[in-house]
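Asker: Everything below, folded, please.
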Amino acid sequence: MSRRRHLSAEERELWNQIAASARALRPVRPLPHDPAPHPKVAPKAPLHRAPDLAPFTLGERALPRAAGHNLSPTPHERLKAEPLRMDHKTYGRMARGKLAPEARIDLHGMTLSEAHAELIHFVLTSQAQGLRFLLVITGKGKAKDSHGPAPDRIGALRHQVPHWLMLPPVGSHVLQVAPASLRHGGQGAYYVYLKRSR
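Answerer: Sure thing, here's the model as predicted:
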């Protein structure tokens, strides 16, 4: 490892002469921390005067966010939120299980395609016979082992039947779909109230 050599007195004097005669290629600019003289410019008058604002805090009027997850409602919760299209008194008796269904169908255990076809046939036949109050049994469904990131919906028929009852060819005949009372199947069944046949 070589040691650093120091300049001799003669070399130092020669270096000082060269440094004194050297000129900077660019003019020396003041460093950012040095206060540089700036010409004072008169402030321009604002074009529009800003309105006087009361003191405020950002977000002070924001509504608090609800805690928890925004889970989709169950089919029964969705049906209870639907507007009432039938007689209020009759609906109340039906919801409490005080009315006896005029016809019933049990779709439990069928595939979706089988159940859809049977439901259409059942509703149209009942309408043609002049029946008004039907019971559709779907079953509650069975919980399955879910290996995906999203939870599986329990009871495919329970979720599909209310949707099918709003679609053609039966949707135009249905006046109201409601969750069945515990007496007639509870979470695994629906009441279907048909319009009057013409």
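
Asker: How many residues are close by the residue nearest to residue 128 when sequence neighbours are not counted?
Answerer: With CB to CB, 6 or more residues apart in numbering as the measure, residue 197 is the residue that lies nearest to residue 128, at 7.0 Å, once sequence neighbours are left out. C-beta here means a position set from N, CA and C on the backbone, and glycine is covered the same way. Residue crowding around residue 197 was assessed by other CB atoms under 10 Å; the count is 12.

Asker: Report the separation between residue 197 and residue 110.
Answerer: Relative to residue 110, residue 197 is positioned 27 Å away (criterion: CB to CB, to the nearest Å).

Asker: helices and strands of the chain: which one has the lowest mean pLDDT?
Answerer: Ranking every helix and strand in the chain by mean pLDDT, DSSP states H and E puts helix 75-81 at the bottom, with a mean of 83.

Asker: So which bits of it are buried?
Answerer: Along helix 75-81, these residues count as buried under the neighbour rule (16 or more other CB atoms under 10 Å): 75-76, 79.

Asker: Would you mind giving these as a markdown table with distance to residue 104 added?
Answerer: A markdown table is the format used below for those (distance: CB to CB, whole Å):
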| residue | distance to residue 104 |
| --- | --- |
| 75 | 18 |
| 76 | 18 |
| 79 | 18 |
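
Asker: Among those residues, which one lies nearest to residue 138?
Answerer: Sorting these by distance to residue 138 puts residue 75 at the head of the list, at 9.1 Å, by CB to CB.

Asker: what are the ranges of the helices in this structure?
Answerer: Remark: helices of the chain, listed N- to C-terminal, are 9-21, 75-81, 88-95, 112-128, 156-164; assignment by DSSP state H.

Asker: Going by contacts, tell me the helices and strands next to the second one.
Answerer: Contact here means 3 or more CB pairs under 8 Å, 6 or more residues apart in numbering; DSSP states H and E; on that basis helix 75-81 packs against helix 156-164, strand 174-179.

Asker: Turn the ones you listed into CSV, including distance to residue 43 and mean neighbour count.
Answerer: Output for the helices and strands packed on helix 75-81, formatted as CSV (distance: least, CB to CB, whole Å; neighbours: other CB atoms under 10 Å):
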stretch, distance to residue 43, mean neighbour count
helix 156-164, 67, 19
strand 174-179, 71, 20
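
Asker: Export those to CSV and append columns for distance to residue 141 and mean pLDDT.
Answerer: Shown next, in CSV, are these (distance: least, CB to CB, whole Å; pLDDT from 0 to 100):
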stretch, distance to residue 141, mean pLDDT
helix 156-164, 6, 92
strand 174-179, 15, 95
